[in-house]
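Enquirer: Here is a sequence with its predicted model. Questions after.
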Amino acid sequence: MSEFVVQSLLKTPTVAIRDTYCQGSCRHQTAEECTATTQLVFPYRGVYVRHLGNDQAVAEANQVLFFNATEGYRISHPVPGGDASLTLVISELQLREMAPRAFLRDGAALAFRWQRLRIDARAQALMALLRHSLRQNIAEPLEAESLALTLVQRALGPRTTHAPGASVGRQRLVDRAKLVLASDLARRWTLAEIAAEVRGSPVYLTQVFQQVEGLPLYRYQLRLRLARALDLLAQYDDLAALGVDLGFSSHSHFSAAFREAYGRSPSEFRQSALRR
């Protein structure tokens, strides 16, 4: 199997959507690469780190990453297991219309100011619905285009995203904590265990994570687990087993957390996404 597997799910004049799988065999930074088009990348499985100059972004299911056209970057995979992402390429005219001006760099070329934004639960659900419906061949092109544009609007919405803004030291501490969480989603981590892994004080880590990400550490972990559930819904007939495999204490705990985040139960979401 090659390092990358890319599957085209939709290509219209308005949007191109690709599902990309990476084995993640290169733990250290790869050679520099770039994309020919500006892309919005929604990781939904696994984790990797994108290095852009002296900046870095941890790519996991709570984020959307911006890959600006012709901008060089490197990738590393500090956590084994590979990763998968849904990539959207929106026509420049549409993207300029949807992106808040503050999110874009000054100049003629279309480029985002930041590497990433944290997205909310509804954006995660929209991404999963779009991906599942295209992979199952249930979405007509018009429906898929509409879902894709709604996802982009949600991901770029100033009230539903959280832009990065912290000192390098604080951001790196938070990044290390994210990698710890992503290394074992089902593990019931204690704050002391995470703090020991990142070599920081539990109190300081709690404060810094909340300041940098705008979410408490425990809720961030919950979002990662639930996003993984969105990914795996098609593979489980027994949803109670899915909840247990992701570290939830019971099916009722899993269902309640899922409903609170996404507005419907796991079985209801699977019915809408997979028509089964």
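Expert: The structure has been received and is ready for your questions. Note that the structure is predicted; figures quoted are calculated from it, not measured.

Enquirer: which residue ranges form the strands in this protein?
Expert: 4-11, 15-22, 39-46, 48-52, 55-59, 63-67, 74-76, 83-90, 116-118 (DSSP state E).

Enquirer: The fourth one - which strands sit beside it in the sheet, and in what orientation?
Expert: Listed by DSSP bridges, the sheet partners of strand 48-52 and their directions read strand 55-59 (antiparallel), strand 74-76 (antiparallel).

Enquirer: List of residues touching the shortest one?
Expert: In other words, strand 74-76. The contact list for strand 74-76 (C-beta atoms under 8 Å, 6 or more residues apart in numbering) reads 26-33, 48-51. The C-beta positions use only the backbone N, C-alpha and C, and glycine is treated the same way.

Enquirer: Of those residues, which is the most crowded?
Expert: Counting neighbours by other C-beta atoms under 10 Å, the top entry in the contacts of strand 74-76 is Y48, with 24 neighbours.

Enquirer: looking at it, that residue is touching Y21, isn't it?
Expert: No. With contact defined as C-beta atoms under 8 Å, Y48 does not count as touching Y21 (11.9 Å).

Enquirer: any residues in contact with both of the two?
Expert: D83.

Enquirer: For L9, give me its contacts.
Expert: 17-19, 131, 134-135, 144.

Enquirer: So among the residues you listed, which ones count as buried?
Expert: When those are checked for burial by 16 or more other C-beta atoms under 10 Å, the buried set is 17-19, 131, 134, 144.

Enquirer: for those, which one is nearest G82?
Expert: Distances from G82 to the buried ones among the contacts of L9, taken as C-beta to C-beta, are shortest for D19 (13.3 Å).

Enquirer: and the gap between that closest one and F254?
Expert: D19 is 25 Å from F254, where distance means C-beta to C-beta, to the nearest Å.

Enquirer: Find the centremost residue of the protein, please.
Expert: Among the residues of the chain, the one closest to the centroid is A61, at 2.7 Å (C-alpha atoms, centre = their mean).

Enquirer: so how far is P100 from that residue?
Expert: Taking C-beta to C-beta as the measure, A61 falls 23 Å from P100.

Enquirer: Correct me if wrong: E32 contacts Y73.
Expert: Yes. With contacts counted by C-beta under 8 Å, E32 reaches Y73, the gap being 6.9 Å.

Enquirer: nearest residue to T38 other than its sequence neighbours?
Expert: Using C-beta to C-beta, 6 or more residues apart in numbering and skipping the chain neighbours, the partner closest in space to T38 is A69 (4.7 Å).

Enquirer: who's in contact with that neighbour?
Expert: A69 makes contact with 34-38, 109-111, according to C-beta under 8 Å, 6+ apart.
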